[in-house]
Structures are given as structure tokens and as C-alpha cells.
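Visitor: I would like to see how this sequence folds:
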Amino acid sequence: MAKLLKFLTLIIAFGLNTKIMAQVIQDFTKDNRLTNWFIVNDDVMGGISSCDFYIDKNGYAIFKGTISTAYNGGFASIRYNAYDIQTKNKSFIELLLKGDNKKYQLRIKANNRDYQSYVFSFETSDEWETITIPIKEMYASFRGRRLNMKNFDESSISQISILAGNKRNEDFELKIKEISIK
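Guide: As a prediction, this is how the structure comes out:
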């Protein structure tokens with residue numbers, strides 16, 4: 001019994017420590033300004049996909065829209081200019097969200113002027129969930145093509161993006177409560 005109690009105490013302490021180590025990048029329910037967020041859709045290359053990004057009455061960020069593959073299009077994204085989020089001693093980016101059973105990509109850049117993004121795809125459910133993305137597993141990509149470069153190993157992040165684009169015509173919607181790094 002004493003060993004079990006000690007084990008449970010360690011689990012609880014570890015859980016509390018991982019919560020303390022998390023750095024909130026944005027909690028939309030506490031800071032409902034979309035400062036430094038902007039939309040980039042496939043219209044930059046002739047496509048006609050569209051999206052909206054706004055805060056709903058419950059304080060959640062809503063990223064929703066329509067993907068069209070017409071005119072060589074097929075994506076919609078939101079981007080956050082983060083300006084130097086330190087990744088030293090951090091291993092994961094976490095998204096607290098409610099999805100639509102579709103696949104999305106989280107993209108990061110060490111420098112806003114880099115041509116490549118570092119990408120990790122994730123699937124959503126229609127329930128609130130925490131998506132945990134290992135930073136070191138994010139691979140370099142440019143215009144949807146994987147690059148022959150090492151995975152992300154920079155000391156900071158300057159841009160975070162969420163991209164919808166599953167190579168088919170479809171509507172999508174994500175509710176996002178929080179983005180953090182730990």
C-alpha cells in the first residue's frame with residue numbers, strides 16, 4: 001500500500017510539474033484579441049478557397065472555411081507572428097481544440113523570412129482534445145513538398161500556422177481554446 005501511495009504521489013507531482021512548465025502562447029478565452037494573426041489562403045496562387053478566423057461568444061477562436069481545389073488551389077491557413085518563442089528545454093506544442101474529424105497541419109518557422117516551414121499533420125475528433133505535437137518531429141516543407149533538411153532543431157519559433165487542405169473540396173471548422181509549448 002505504501003508503494004502504491006508513493007507511486008501515485010509521483011504521478012501527481014509529475015503532472016503538476018508538466019503543467020507548470022507549459023508556456024501559454026495564446027488562451028483565446030482570456031485574450032480574445034487576434035493581434036498578429038492573419039489569414040493566408042490559396043488565392044495567393046490563383047485558388048478560390050476561403051476562411052474566416054474570429055472569436056465566438058464563448059471565447060473560442062473559430063477557424064472555418066471552404067477548401068476548393070479549383071484553379072490549382074486547395075488550402076486555407078491562419079498564421080501567428082509569434083516573435084521569438086523560446087524552444088530551449090521545450091519538447092511539445094499543444095493545441096486544445098475541438099475539430100471536425102478532419103486532418104490539419106501545424107506549421108512553424110524559426111524565422112518569418114525562411115522559405116520552409118516545419119510541418120506536423122494531426123487528425124481531429126468532434127470532441128474537445130489536446131493535440132500534442134513533438135517539436136523535434138516537425139519536418140521541413142515548402143509548397144507541400146518535403147525537403148531534404150533536418151527536422152526542426154532551432155532555438156526559437158517566430159511563426160505558427162494552422163493549415164486546412166486535404167486535397168479535396170470540403171468545408172472545415174476548428175474551435176481553438178489554447179496553444180501552448182512545454
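
Visitor: hey, let's count contacts and neighbours off CA atoms from now on
Guide: Will do.

Visitor: sticking with the residue most central in space within the chain, tell me its helix or strand.
Guide: Centroid-nearest residue in the chain, with C-alpha atoms, centre = their mean: Leu106, separated by 4.0 Å. Using DSSP states H and E, Leu106 sits within strand 103-109.

Visitor: tell me what that strand is packed against?
Guide: strand 117-123, strand 156-164 (3 or more C-alpha pairs under 8 Å, 6 or more residues apart in numbering; DSSP states H and E).

Visitor: what are the ranges of the strands in this protein?
Guide: For the chain, the strands defined by DSSP state E cover 23-27, 37-41, 50-55, 61-67, 76-86, 92-98, 103-109, 117-123, 128-134, 139-142, 145-146, 156-164, 170-181.

Visitor: save those strands as a markdown table, and put in mean pLDDT too.
Guide: Formatted as a markdown table, the strands of the chain follow (pLDDT from 0 to 100):
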| stretch | mean pLDDT |
| --- | --- |
| strand 23-27 | 95 |
| strand 37-41 | 97 |
| strand 50-55 | 98 |
| strand 61-67 | 98 |
| strand 76-86 | 94 |
| strand 92-98 | 98 |
| strand 103-109 | 98 |
| strand 117-123 | 98 |
| strand 128-134 | 98 |
| strand 139-142 | 97 |
| strand 145-146 | 95 |
| strand 156-164 | 97 |
| strand 170-181 | 98 |
